[in-house]
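Asker: got a predicted model here, sequence first, then my questions.
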Amino acid sequence: MEKEVKRFPVSHVIGFLASLALTFIAAVIALKTSLSFKAIMWIIGSLAVIQAGLQLFMFMHMTEGEDGKTNIINIAYGVFVAVVVVVGSVWVLTSGHAAH
């Protein structure tokens with residue numbers, strides 16, 4: 001029965017700093033560039049997806065546990081359900097007026 005030694009959470013600090021950097025990069029791109037609106041939205045969206053993945057791996061310990069594949073499959077299913085709900089909602093709300 002070994003006593004677990006508490007170590008400094010280096011990966012958490014790195015993940016936090018990387019998340020801050022991605023947020024500041026998105027803010028600078030949104031406020032200080034002369035790119036088109038569409039390009040800015042694509043860049044910010046891409047940075048948001050990268051940050052979400054980073055946080056899943058660094059803070060949520062997605063690959064830890066008995067079977068890391070199960071966690072990844074569960075996350076993929078959750079993303080699929082979220083996309084279906086959002087796309088379905090937008091589709092219903094935007095095409096409903098055509099029937100009237």
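Answerer: Noted; the coordinates are in hand.
Asker: show me what the helix or strand where Gly53 lies is packed against.
Answerer: Secondary structure from DSSP states H and E places Gly53 in helix 37-58. Identification of packing neighbours for helix 37-58 by 3 or more C-beta pairs under 8 Å, 6 or more residues apart in numbering; DSSP states H and E yields helix 10-32. Just so you know, the C-beta spots here come from the backbone N, C-alpha and C atoms, and that holds for glycine as well.
Asker: mind listing residues that contact the helix it packs on?
Answerer: For helix 10-32, the surrounding residues in contact (C-beta atoms under 8 Å, 6 or more residues apart in numbering) are 35, 40, 43-44, 47-48, 50-51, 54-55, 57-59.
Asker: quick one on the thing from earlier: and the next element down the chain from the helix holding Gly53?
Answerer: Under the assignment DSSP H and E, the closest C-terminal helix or strand after helix 37-58 is helix 68-95.
Asker: please compute how far that following helix lies from its chain's middle.
Answerer: In terms of C-alpha atoms, centre = their mean, to the nearest Å, the centre of helix 68-95 is set 13 Å apart from its chain centre.
Asker: which residues of the protein score low on pLDDT?
Answerer: 1-3, 61-66, 68, 97-100 (pLDDT under 70).
Asker: give me the residue at the spatial middle of it.
Answerer: Per C-alpha atoms, centre = their mean, the C-alpha nearest to the average position across the chain is that of Ala52, at 2.1 Å.
Asker: neighbours of Gln51, how many?
Answerer: Per other C-beta atoms under 10 Å, the neighbour tally for Gln51 reads 19.
Asker: for it, which non-adjacent residue is spatially closest?
Answerer: Once flanking residues are discounted, Gln51 sits nearest to Leu22: 4.6 Å by C-beta to C-beta, 6 or more residues apart in numbering.
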